[in-house]
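Asks: Just a sequence and a predicted model for now, questions to come.
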Amino acid sequence: MEKHGSSCSEERGWHLVTDPDARSGQINVLESENLRLNREVEEKRELIEHWIRKRPLSQSAGVFTPSKQEGSLRRFLTTTLAGDDATNDVREMNKKLQRMLEETLSKNIILQRVSLLLLRHEPLLYRLG
């Protein structure tokens, strides 16, 4: 959709690059951002695993045996935590995880849109260059 000679991508601040080195630079930026996001997701996964491991097993909730298959993370957490604190901790952790997931998804969507834009206009850039 064009408006006064500028495309939608230009309105958003994204401009086509005619210089192959600049396009390569943009691709490098996208790749480094993708790598950073992957590292961030890995760090968050490790943090969650550490948090789950460090919580002591609850004596009042019964004995947890590793061979028993639990259906979800929530059931696992509620069996390892005790009382009302357990419910509050699980809710708080779920909220934090949801926020992290939403942030990661929105960053991935932005990166995907930019990469699709670059891929769509790549033949045009070769003709111009």
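Replies: That came through fine. Just so you know, these numbers come straight off a predicted model, no measurement behind them.
Asks: and the top helix by length along the chain, average pLDDT?
Replies: As assigned by DSSP state H, the longest helix anywhere in the chain is helix 83-128. Taken as a whole, helix 83-128 has an average pLDDT of 80.
Asks: switch to numbering from 16
Replies: OK, 16 is where the count begins now, so the last one is helix 98-143.
Asks: Counting by contacts, list what that helix packs against.
Replies: On a contact count with 3 or more C-beta pairs under 8 Å, 6 or more residues apart in numbering; DSSP states H and E, helix 98-143 meets helix 35-69, helix 88-95. Backbone N, C-alpha and C define where each C-beta goes, glycine included.
Asks: what's the burial count for Asn109?
Replies: Asn109: 13 surrounding residues under other C-beta atoms under 10 Å.
Asks: Now do it against Lys59, distance only.
Replies: Using C-beta to C-beta, to the nearest Å, Asn109 is found at 14 Å from Lys59.
Asks: With Leu45 instead?
Replies: From Leu45 to Lys59 the distance is 21 Å (C-beta to C-beta).
Asks: on that earlier part again, what's the most buried one of the helices and strands packed on helix 98-143?
Replies: helix 88-95 (a mean of 16; mean count of other C-beta atoms under 10 Å).
Asks: Mind checking the pLDDT average for that helix?
Replies: 64.
Asks: repeat for stretch 54-62
Replies: 85.
Asks: what about Trp66, distance to Leu116?
Replies: 16 Å.
Asks: whoops, Val56 was the one
Replies: 10 Å.
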